[in-house]
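Peer 1: Give me the fold of what follows.
(3 chains)
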Amino acid sequence: QIGFAHTKTISKDKPCKRLVLYYHDILFNGTNVSNATSAAVANQTALGDYKFAMFVVFDDPMTEDHHLLSKPVARAQGFYFYDMKKEYNAWFAYTLVFDSTEYGQGTINIMGADLMGQETRDLSVVGGTGDFFMARGIATFTTDTFQGDAYFRLEMDIKLFECY
Amino acid sequence: QIGFAHTKTISKDKPCKRLVLYYHDILFNGTNVSNATSAAVANQTALGDYKFAMFVVFDDPMTEDHHLLSKPVARAQGFYFYDMKKEYNAWFAYTLVFDSTEYGQGTINIMGADLMGQETRDLSVVGGTGDFFMARGIATFTTDTFQGDAYFRLEMDIKLFECY
Amino acid sequence: QIGFAHTKTISKDKPCKRLVLYYHDILFNGTNVSNATSAAVANQTALGDYKFAMFVVFDDPMTEDHHLLSKPVARAQGFYFYDMKKEYNAWFAYTLVFDSTEYGQGTINIMGADLMGQETRDLSVVGGTGDFFMARGIATFTTDTFQGDAYFRLEMDIKLFECY
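Peer 2: Next comes the predicted model:
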């Protein structure tokens, strides 16, 4: 079983594809149905003061620049929850859903810890479909704005190191 | 570090393994303990009319044909939730658990968006164990029957493109 | 596109890296804030007697030996839930977070079924970051102590078969 054409090579310095997009999240507060993009499955517990176990499902717009109202080029669908007693810290699993001529059709699946105490933090791209068939890589988060539940924005720098 | 025997080659057209199975889900409604295969961790929110943030844990039978009562050849253990304001849309993460002579022993791990508005949608096979050691691939969902919470059935067409 | 240096080879018998660590979980019961390492997002349902759909978020210490109070060498951040009607059975997704000179910097992402009825069970390592860049492999769980919600300890034998 020798196949040169698709033999896999990985270089840490050279992603085979890269996308930098902004994620916008507005939590449902009971009245903002038209603006909200996410809703809590469960509220925070009393374990510490940083919303431990607050669990949120989202369908968030992804834009090319910082502006919430820019035309979305993808959706981010999935969930996050807070998981630390002594500071804010979160965990994400989600799918980037693309349906455009510019970015193509298909999905990118991502999961990992969002170590909010660090300026940048890396999650894993664990798979992809369609134009992102079998992708793997790294998604680097940077907090761009954090206004708590009302609104937060993350820069997501998606680097794929396996492309087929 | 050159190893021809296990050099990885991937062809989009030729999965190294393929399984087509049916997933059956019956939500617990408080009284159907004997039939139910799943239960809600949390009920839907008021964000839209499509059960946004309803979160369900399941241990569902997987069969080779459409019949709910056919002998299961695997279990699907994991969760799904609904995540869209304006139509039904879901997200899944789960494990297919095999324990048979026909299908072998081991598990296949899957996650991704279930874009219910599309006739077929692709999720990622992100790993495997036992006879599915280190598997990767695509799981294609097709809705076979959707009776809401009472019962729904999905065809899952599992195509592995990495087999070891 | 031919690159011998990073051509991927996988041998089931020879992980390229192996870590054996212990996971300690103490569920928040409303009063043990200082000791608790996890909290329930939702309590069990009435579907069977084995806590079906009880869903727990954790930030747990990982140690090199069995002792809860040994110096942690990593954190495990993620969630588990119970998902079977007739016996205890669980499902995990989480990140091992490393920040030390001995183990390095970075994360390992894991998901899969914790088939508690089996003496050992395998989950998938689906990705990694930092010193575990793009890792894949198998995480083998063995229950070391199970005192229900009060405390349980798992041995996690992490074997990576892809290292870069």
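Peer 1: near chain C, which residues of chain A?
Peer 2: Proximity of chain A to chain C (Cβ under 8 Å from any Cβ of the partner chain) is limited to residues A:4-5, A:7-12, A:41-42, A:45-48, A:52-53, A:55, A:81-85, A:89, A:91, A:93, A:111-113, A:115, A:122-126, A:136-138, A:161-162. From N, CA and C alone the C-beta is placed, and that goes for glycine too.
Peer 1: phi, psi of the residue of chain A found nearest chain B?
Peer 2: When scored by Cβ to the nearest Cβ, chain A has A:Gly127 as its residue closest to chain B, at 2.6 Å. The phi and psi values for A:Gly127, taken as degrees, to the nearest 10, are phi 180, psi 170.
Peer 1: And for the one 4 residues further on?
Peer 2: For A:Asp131, the backbone dihedrals (degrees, to the nearest 10) come out as phi -70, psi -10.
Peer 1: What is the burial count for it?
Peer 2: A:Asp131: 15 surrounding residues under other Cβ atoms under 10 Å in any protein chain shown.
Peer 1: Not counting its neighbours along the chain, what's nearest the closest residue to chain C within chain A?
Peer 2: Closest approach between chain A and chain C, counting by Cβ to the nearest Cβ: A:Ser124, at 2.7 Å. Leaving out its chain neighbours, the residue that sits closest to A:Ser124 by Cβ to Cβ, 6 or more residues apart in numbering or on different chains is C:Gly127, at 2.7 Å.
Peer 1: Chain A: strands as residue ranges?
Peer 2: A:17-25, A:38-42, A:55-63, A:74-82, A:90-100, A:104-114, A:120-130, A:136-146, A:152-162 (DSSP state E).
Peer 1: want to try a markdown table for those strands, with mean neighbour count, distance to C:Glu64 and mean pLDDT as columns?
Peer 2: Below are these laid out as a markdown table (neighbours: other Cβ atoms under 10 Å in any protein chain shown; distance: least, Cβ to Cβ, whole Å; pLDDT from 0 to 100):
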| stretch | mean neighbour count | distance to C:Glu64 | mean pLDDT |
| --- | --- | --- | --- |
| strand A:17-25 | 19 | 37 | 98 |
| strand A:38-42 | 23 | 34 | 95 |
| strand A:55-63 | 23 | 31 | 98 |
| strand A:74-82 | 24 | 28 | 98 |
| strand A:90-100 | 22 | 24 | 97 |
| strand A:104-114 | 24 | 21 | 98 |
| strand A:120-130 | 25 | 24 | 98 |
| strand A:136-146 | 20 | 28 | 96 |
| strand A:152-162 | 20 | 31 | 97 |
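Peer 1: what about those strands, which gets the closest to B:Thr31?
Peer 2: strand A:38-42 (23.7 Å; Cβ to Cβ).
Peer 1: Do any residues in the closest one lie close to chain B?
Peer 2: Yes. Judged by Cβ under 8 Å from any Cβ, strand A:38-42 comes into contact with chain B at A:Ala39, A:Ala40, A:Val41, A:Ala42.
Peer 1: Dump those residues to JSON lines, plus distance to C:Asn29.
Peer 2: Written out in JSON lines, the entries for the residues of strand A:38-42 next to chain B read as follows (distance: Cβ to Cβ, whole Å):
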{"residue": "A:Ala39", "distance to C:Asn29": "27"}
{"residue": "A:Ala40", "distance to C:Asn29": "22"}
{"residue": "A:Val41", "distance to C:Asn29": "21"}
{"residue": "A:Ala42", "distance to C:Asn29": "17"}
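Peer 1: which one among those residues gets closest to A:Val33?
Peer 2: Nearest member of the residues of strand A:38-42 next to chain B to A:Val33, counting by Cβ to Cβ, is A:Ala39, at 9.9 Å.
Peer 1: That closest one touches B:Lys51, doesn't it?
Peer 2: No. With contacts counted by Cβ atoms under 8 Å, A:Ala39 stays clear of B:Lys51, the gap being 10.4 Å.
Peer 1: was I right about the residue of chain A closest to chain B contacting A:Phe133?
Peer 2: No. With contact defined as Cβ under 8 Å, A:Gly127 does not count as touching A:Phe133 (9.2 Å).
Peer 1: Check the spacing between A:Ala135 and A:Thr107 real quick.
Peer 2: A:Ala135 is 9 Å from A:Thr107, where distance means Cβ to Cβ, to the nearest Å.
Peer 1: Identify the contacts common to the two.
Peer 2: Jointly contacting A:Ala135 and A:Thr107 under the rule Cβ atoms under 8 Å, 6 or more residues apart in numbering or on different chains are A:Gly128.
Peer 1: Show me what from chain A comes close to chain B.
Peer 2: Within reach of chain B by Cβ under 8 Å from any Cβ, chain A has these residues: A:1-3, A:5-8, A:28, A:30, A:33, A:36, A:39-42, A:55, A:57-59, A:77-79, A:93-95, A:97, A:106-107, A:109, A:111, A:126-130, A:133-134, A:164.
Peer 1: quick one, what contacts the residue nearest to A:Ser124?
Peer 2: Neighbouring residues of C:Gly127 by Cβ under 8 Å, 6+ apart: A:Met111, A:Gly112, A:Ser124, A:Val125, A:Val126, A:Arg136, C:Ile108, C:Asn109, C:Met134, C:Ala135, C:Arg136.
Peer 1: Swap in 10 Å and give it another go.
Peer 2: By Cβ atoms under 10 Å, 6 or more residues apart in numbering or on different chains, C:Gly127 lies in contact with A:109-112, A:122-127, A:136-139, B:126-127, C:95, C:107-111, C:133-136, C:162.
Peer 1: And for A:Leu69?
Peer 2: Contacts for A:Leu69 (Cβ under 10 Å, 6+ apart) come out as A:His24, A:Pro61, A:Thr63.
Peer 1: Then A:Asn109?
Peer 2: A:Asn109 makes contact with A:78, A:93-96, A:124-129, A:132, A:135-136, B:91, B:93, B:110-113, B:123-124, B:126, C:126-127, according to Cβ under 10 Å, 6+ apart.
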